[in-house]
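In: I would like to see how this sequence folds:
(one chain, ligands or ions: 1)
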Amino acid sequence: MKAIQLYYPPEWAHCYGCGYLNAQGLRIETYWHPERGESETRFTPKPHHTAIPGFVYGGLLASLVDCHSTATAAAAKAAAEGVSLEEAPLRFVTASLKVDFLKPTPLGPELRLVGRPKEVKGRKVVVETELYAEETLTVRGEAVLVQIGEGFGRSEDAPAGG
Ligand SMILES: CCCCCCCCCCCCCCCC(=O)SCCNC(=O)CCNC(=O)[C@H](O)C(C)(C)COP(=O)(O)OP(=O)(O)OC[C@H]1O[C@@H](n2cnc3c(N)ncnc32)[C@H](O)[C@@H]1OP(=O)(O)O
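Out: This is a model prediction of the structure:
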């Protein structure tokens, strides 16, 4: 199975969290499971991702939820439209991101994020994400993602510095 991020065209593959062209980035890989209607990302934080010794920095967890959600949105939209990402590379940016830190997330174990599309409507997809450390649910997120088109970020659409 090919990761959703690997379908992104190169000009949209520089993101710190999920861009395969960002050597300093997290380069997460998300997989879509059509039979479950869910996505999954696995990531093992490094020691420098510490918040307090033994626990993962919340900003990193938010980044994982963020980029996992954009990939989930692309897969969910493709599924809803009955197209493959191969033929229709879809890219979403985050309009809104809510993250609840339910419990401290231990540093060490591989983390598993599970995403479920809650709404797919026009250019907008709402994704719910659960993040597990081993079997413990430690973070829950909800994101609103909006599909961008060719040329986004090359005009006045782009935020300053974006
Ligand atoms: C981005 C950098 C440029 C670089 C260019 C290269 C691109 C390479 C790809 C990079 C991918 C990175 C992926 C990683 C994740 C990020 O880190 S992305 C970076 C952080 N996000 C941003 O910078 C986005 C900044 N915001 C924007 O550009 C615009 O506000 C947006 C998000 C494109 C939306 O604007 P718009 O296209 O005018 O959309 P609009 O028609 O107003 O709304 C569409 C729908 O979304 C809803 N919506 C819009 N905003 C919100 C909101 N805040 N809350 C709730 N709902 C909302 C609307 O209500 C509407 O819903 P419906 O009425 O259809 O139900």
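
In: Check whether Gly141 sits in a helix, strand or coil.
Out: strand (DSSP: H, G, I helix; E, B strand; the rest coil).

In: In which helix or strand does the residue most central in space within the chain reside?
Out: When the chain is reduced to its mean C-alpha position, the nearest residue by C-alpha atoms, centre = their mean turns out to be His68, at 1.6 Å. Taking DSSP states H and E as the definition, His68 sits inside helix 58-81.

In: Direction included, what does the following helix or strand past that helix pair up with?
Out: Of the helices and strands lying after helix 58-81 in sequence (DSSP H and E), the nearest is strand 91-101. In the sheet containing strand 91-101, its partner strands are strand 136-148 (antiparallel), by DSSP bridges.

In: Now do the buried residues in the partner strand.
Out: Using 16 or more other C-beta atoms under 10 Å as the test for burial, strand 136-148 gives 138-139, 141-147. All C-beta atoms are positioned from the backbone trio N, CA, C, and that covers glycine.

In: do stretch 80-100 as well
Out: 85, 90-94, 97, 99.

In: ok so, going back, the buried residues of strand 136-148 also near the ligand: which ones?
Out: Among these, the ones lying near the ligand by C-beta under 6 Å from any ligand atom are 144, 146.

In: Get me the contact residues on this protein for the ligand.
Out: Residues of the chain lying near the ligand (C-beta under 6 Å from any ligand atom): 12, 15, 17, 66-67, 70, 91, 93-96, 121-124, 144, 146, 148, 152-153, 158-159, 162.

In: mind checking how far the nearest residue to Val146 once chain neighbours are set aside is from Pro45?
Out: Leaving aside its sequence neighbours, Val146 sits nearest to Ala95 (C-beta to C-beta, 6 or more residues apart in numbering; 4.9 Å). Distance from Ala95 to Pro45, counting by C-beta to C-beta, to the nearest Å: 26 Å.

In: And Leu97, by the same measure?
Out: Note on Leu97: its distance to Pro45, by C-beta to C-beta, is 19 Å.

In: quick one on the thing from earlier: Gln147 is in contact with the residue nearest to Val146, correct?
Out: No. With contact defined as C-beta atoms under 8 Å, Ala95 does not reach Gln147; the gap is 10.5 Å.

In: Asn22: neighbouring residues, count only.
Out: Counted with other C-beta atoms under 10 Å, residues neighbouring Asn22 total 14.

In: ok, now which residue in this protein is the farthest from the centroid?
Out: Outermost residue of the chain (C-alpha atoms, centre = their mean): Pro53, 25.7 Å.

In: I'm done for today, thanks for sticking with me.
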